[in-house]
Every structure is written in structure tokens, then in C-alpha cells.
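Chemist: whatever this is, show me its structure:
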Amino acid sequence: MTLAVIIVIAAFLSLVCILGLTVSRSLQVSDGSNFAGQIQPIDVEAFRNLLNVSDDEFLRRRLAGPEFRLVRRARLRAIAAYVQQAGRNAAVLIRIGQAGMAADDPRTAEAARQLVNNALLVRRNAAFALLKIYVALTWPHSGPAASRVFEGYEQLSRSAMLLGRLQNPAVPVRVSARP
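Modeler: Numbering: from 1, shown residues only. Below is the predicted model:
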């Protein structure tokens with residue numbers, strides 16, 4: 001009996017490690033000097049609509065159980081794609097911010113520091129949200145906590161635009177797509 005419990009615990013810990021590695025690798029960016037060119041803007045309106053709790057409740061009331069689970073899983077996969085892209089963009093913005101912290105202008109250095117802090121927060125929240133989304137794919141009635149990623153990404157977008165205006169007013173940094 002004790003051996004069975006130990007094996008189950010070891011299997012669970014292995015699964016957590018594998019999921020952690022998968023999430024961290026999905027949020028990595030490729031090396032390159034053109035960091036701004038690596039940013040893929042996110043359609044924040046579509047992201048916001050996917051996170052809308054009232055839409056989920058509407059679907060839950062209107063669809064039969066199996067249909068709801070199929071639709072919910074499709075929505076969760078779409079949310080996961082947005083969260084992964086937000087995490088990748090945050091990783092790029094960390095590098096941009098780190099380069100900007102060496103600026104002579106104190107306002108630019110402060111904006112870069114704020115950008116790095118916001119990007120680190122978004123990366124952390126994205127990793128946790130992806131884990132929760134993967135769990136929710138197994139149990140579609142549970143709710144993912146990707147709203148923190150969305151809110152953090154909006155703040156990150158504002159920080160990136162501020163740093164971009166301070167460094168080079170002619171070239172805007174866009175991390176959000178406008179519809």
C-alpha cells in the first residue's frame with residue numbers, strides 16, 4: 001500500500017515537472033538583435049471576449065453537456081494561444097527594457113525598469129495561467145485564471161509605448177493589435 005502511494009506521488013511530481021518544462025519552453029523567444037521585430041501584436045478585443053465569464057455562462061445554459069465541453073475546450077485552446085503569445089512578447093520586452101535601463105536619461109531608465117517589472121509579472125502570470133488552462137482542458141467546467149495575464153498585458157502595452165516614445169518617438173512599439 002505504501003509503495004503504491006509513493007509511486008502515485010512520484011508520477012504526479014513527474015507530471016508537474018514535465019508541464020513546467022513545457023510551459024517554460026513555450027514562452028521562450030529566439031535570439032536575435034531585432035527584438036522589436038519579434039513582437040507579435042495580440043488582438044486584445046478577441047482575447048477579452050474569450051475571457052468573458054458571461055459568454056461561458058450563456059454557452060453553458062444553451063448547449064448540451066458534450067457540446068459545451070467541445071466549445072469550452074476550443075475556447076481554452078484559443079486562450080492558451082493568446083497567453084503563450086503574451087508570454088513571448090513579455091520575454092522580448094524584458095530584453096528591450098534591459099537594454100533601455102542603460103540609458104543616460106533618467107526618465108527613459110525608469111520607464112525601462114517599469115517595463116521590465118511589468119513584463120516579468122506577465123511572464124509569471126502567463127506560466128501559471130497556462131498550467132491552469134491545461135488543467136481546465138481536462139475538466140472544462142473549471143475556470144482558467146487568464147484574466148490576470150490580460151490585465152497585466154494591457155499595463156505592459158502602456159509601459160512599452162511609453163518607453164518607445166521616450167527612446168524613439170518616430171517608431172512606436174505595438175504589442176496590441178487594433179481591430
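
Chemist: avg pLDDT for the helix or strand where Leu15 lies?
Modeler: Here Leu15 is covered by helix 2-26, with elements defined by DSSP states H and E. Averaged across helix 2-26, the pLDDT comes to 75.

Chemist: which strands and helices sit next to the next helix or strand after that helix?
Modeler: Toward the C-terminal end, the helix or strand that comes next after helix 2-26 (DSSP H and E) is strand 42-43. In terms of contacts (3 or more C-beta pairs under 8 Å, 6 or more residues apart in numbering; DSSP states H and E), strand 42-43 is packed against helix 65-100, strand 176-177. No exception for glycine: its C-beta is placed from N, CA and C like everyone else's.

Chemist: strand 42-43 pairs with which strands?
Modeler: Sheet neighbours of strand 42-43, with direction, are listed as strand 176-177 (parallel) (DSSP bridges).

Chemist: buried set for the strand or helix carrying Phe150?
Modeler: Per DSSP H and E, Phe150 falls inside helix 147-167. By neighbour count on 16 or more other C-beta atoms under 10 Å, the buried set for helix 147-167 is 149-150, 152-157, 159-164, 166-167.

Chemist: and the angle for that helix with helix 65-100?
Modeler: Regarding helix 147-167 and helix 65-100, their directions subtend 30 degrees when assessed with axes from the mean of the first three to the mean of the last three C-alpha atoms, to 10 degrees.

Chemist: how far away from the center of its chain is helix 147-167?
Modeler: Between the mean C-alpha point of helix 147-167 and the mean C-alpha point of its chain there is a distance of 13 Å (C-alpha atoms, centre = their mean, to the nearest Å).

Chemist: now do stretch 151-171
Modeler: Between the centre of stretch 151-171 and the centre of its host chain there is 17 Å, according to C-alpha atoms, centre = their mean.

Chemist: what do you get for stretch 80-98?
Modeler: Centroid displacement of stretch 80-98 relative to its chain, using C-alpha atoms, centre = their mean, is 7 Å.

Chemist: average model confidence for that stretch?
Modeler: Per-region confidence: stretch 80-98 scores 87 on mean pLDDT.

Chemist: now that stretch: buried residues?
Modeler: With burial defined by 16+ other C-beta under 10 Å, the residues of stretch 80-98 counted as buried are 80, 82-97.

Chemist: identify, from the buried residues of helix 147-167, the entry nearest to Glu57.
Modeler: Relative to Glu57, the closest of the buried residues of helix 147-167 is Phe150; by C-beta to C-beta it sits at 18.3 Å.

Chemist: doesn't Gly152 make contact with Leu121?
Modeler: Yes: using C-beta atoms under 8 Å as the test, Leu121 is close enough to Gly152 to be in contact (5.4 Å).
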